[in-house]
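> Sequence first, predicted coordinates after that:
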Amino acid sequence: MPHDPSVVPSDDPRDGGRPAGDSPEATRLADLSPQQWKSGIAAWLGWLFDGLDMHLYTLVATPFVAELLGGIDQRDAAVSRTGSIVQAGFLVGWALGGGFFGRVGDRIGRTRALNLTILTYALFTGLSFFAQTWWQLLICRFLAALGIGGEWAVGAALISETWPRRWRPWLAAVLQSAVNVGVVLAMVAGLLLASFPPRTVFLVGVLPAFLVVWIRRAVPEPEEWHTARASAAEAAPGVADLFRGAVARTTILTILVCSLSLTAHWAFMYWYLQHLRNLPDLDAWTEAAKTAYASRAMMLVMVASIAGNFLAALLARRLGYRRAIGLLCVAYCVAMVGTYAVARPHAQLFWMLAPIGVCQGVFGLFTMYLPPLFPTLLRTTGAGFCYNIGRLVAAAGTVFFGLLSKVGDHRLALFYAAWLFLPAAAVAWLLPEPPDEARS
């Protein structure tokens, strides 16, 4: 296959990629080495606890924030406004953490950085229990988000460098599904602790810290990282190298596709439940009934998303990553436009959420697709930087599309946001396939 000028070849001295004479990769689970199993389990558990710690706040945001504001009525506008500020702080921390810990992962190693990210989000999720003011909660959630965002880039690089390249689409599906499992565990924790004060759920977020003890003893650094680090010596590339030479094109295109797709995706994730809860035919329902209905809708989207993760993996194996991402972005647009083009009653709208959930499998592909696009010593830096720039743009985009909403009616915000998936699909088509897979 001809060389793609948009990426640095994996035999670049800065890269330390697998040499052409590498030993054959495993083709069965039984062929995997103990190191590969340990790396896979560490990354999967890291992502699971990501989902757990990420979702705990959403379970108790309204009552906990009302308590921190002096025990005011939960329906007070100050509760909604302050809770949104805390969540915005979390999203910004999530984005910054991906870039920061991505750089740390390239400098000190994947396993060490993974330990730091898990300790960070476990510690500050647990400290949220002790918050006495809303701004203390904001600080704890921001710092916890640094670790959650960082774990994405570090865990993805760890898997991409240790497990067989041809398995990457399926590994992406499995990792992305770990987040969904973590969200389910958070919901279970919320149900089990429903009779306790709302802040109690944050103590569950300390559990991931115990995972670090095992990772430190059992999970070695990938040989690929060691080789690249030794070859680079003092000439290890920096963040600025993302915008130099052949890598610059990949960096810019990756930022664009992440920014466009994540803005549309987070507009859906933020507004769809609020739109559902405020439908006119639910006016006579109690708040408890609306909450239960919204929970069922969220569960439907989550289950559909897990199925979508594996559908996306199948498409990537058959079509390649960039075509699969482009196709799923177009499908996401069509599903959202079809759902929100006209006003619909709740019974009809509910089931139309399932195809949207399936299309969310596109974001599972980014997990294994983005890191190999960059040289080894820029791998977590590049993936973390590009994906999390997209998260920052998405945070701003969510607010922007909210301006299109009427009071209690977010249909137009969801409808217009959907169209961003089309330029995202066009940009994805311009990206390369991972260079190490192209030669395998």
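Arrived safely.
> which ones are touching residue 322?
By Cβ atoms under 8 Å, 6 or more residues apart in numbering, the contact list for residue 322 reads 428, 429, 430, 431, 432, 433. Glycine gets a C-beta too; all of them are placed from N, C-alpha and C.
> Give me the contacts around the helix or strand containing the first one.
Residue 428 belongs to helix 421-430 when assigned by DSSP states H and E. Surrounding helix 421-430, the residues in contact under the criterion Cβ under 8 Å, 6+ apart are 253, 256-257, 260-261, 264, 322-323, 325-327, 329-330, 332-333, 336.
> Narrow those residues to those in helices?
253, 256-257, 260-261, 264, 322-323, 325-327, 329-330, 332-333, 336 (DSSP state H).
> Return the member of these nearest to residue 300.
Distance to residue 300 across the ones in helices among the contacts of helix 421-430 (Cβ to Cβ) is lowest for residue 336, with 15.3 Å.
> Excluding sequence neighbours, find me the nearest residue to the closest one.
Distances taken as Cβ to Cβ, 6 or more residues apart in numbering place residue 418 nearest to residue 336, at 3.5 Å, with adjacent residues excluded.
> Mind checking the pLDDT average for the helix or strand residue 251 falls within?
In the assignment (DSSP H and E), residue 251 maps to helix 247-277. What helix 247-277 shows for mean pLDDT is 87.
> Give me the packing partners of it, helices and strands only.
Helix 247-277 sits against helix 287-319, helix 321-340, helix 346-359, helix 362-369, helix 379-402, helix 411-418, helix 421-430, with contacts defined as 3 or more Cβ pairs under 8 Å, 6 or more residues apart in numbering; DSSP states H and E.
> looking at the ones you listed, which is buried most?
Compared across the helices and strands packed on helix 247-277, helix 362-369 shows the largest average neighbour count, a mean of 27 (mean count of other Cβ atoms under 10 Å).
> what's the closest non-adjacent residue to residue 60?
Closest to residue 60 by Cβ to Cβ, 6+ apart is residue 198, at 3.8 Å.
> Find the residue at the geometric middle of this protein.
Nearest to the geometric centre of the chain sits residue 152, at 6.5 Å (Cα atoms, centre = their mean).
> Would you mind giving the secondary structure of residue 194?
When classified by DSSP: H, G, I helix; E, B strand; the rest coil, residue 194 comes out as coil.
> For it, give me the pLDDT.
76.
> got it, and the one 10 residues further on?
Taken from the predicted model, the pLDDT recorded for residue 204 is 91.
> hang on, isn't it packed against residue 55?
No. Residue 204 lies out of contact with residue 55 (Cβ atoms under 8 Å); the separation is 10.6 Å.
> Pull up the overlap in contacts between the two.
Contacts common to residue 204 and residue 55, judged by Cβ under 8 Å, 6+ apart, are residue 186.
> lowest average confidence, helix or strand, in the protein?
Here the helix or strand of the chain ranked lowest by mean pLDDT, DSSP states H and E is helix 435-438, holding a mean of 66.
> For residue 155, list the residues it contacts.
Counting by Cβ under 8 Å, 6+ apart, residue 155 has contacts 42, 43, 46, 47, 114, 175.
> 10 Å - rerun?
Each residue near residue 155 by Cβ atoms under 10 Å, 6 or more residues apart in numbering is listed here: 39-40, 42-47, 50, 105, 110, 113-114, 117-118, 175, 178, 367, 371, 380.
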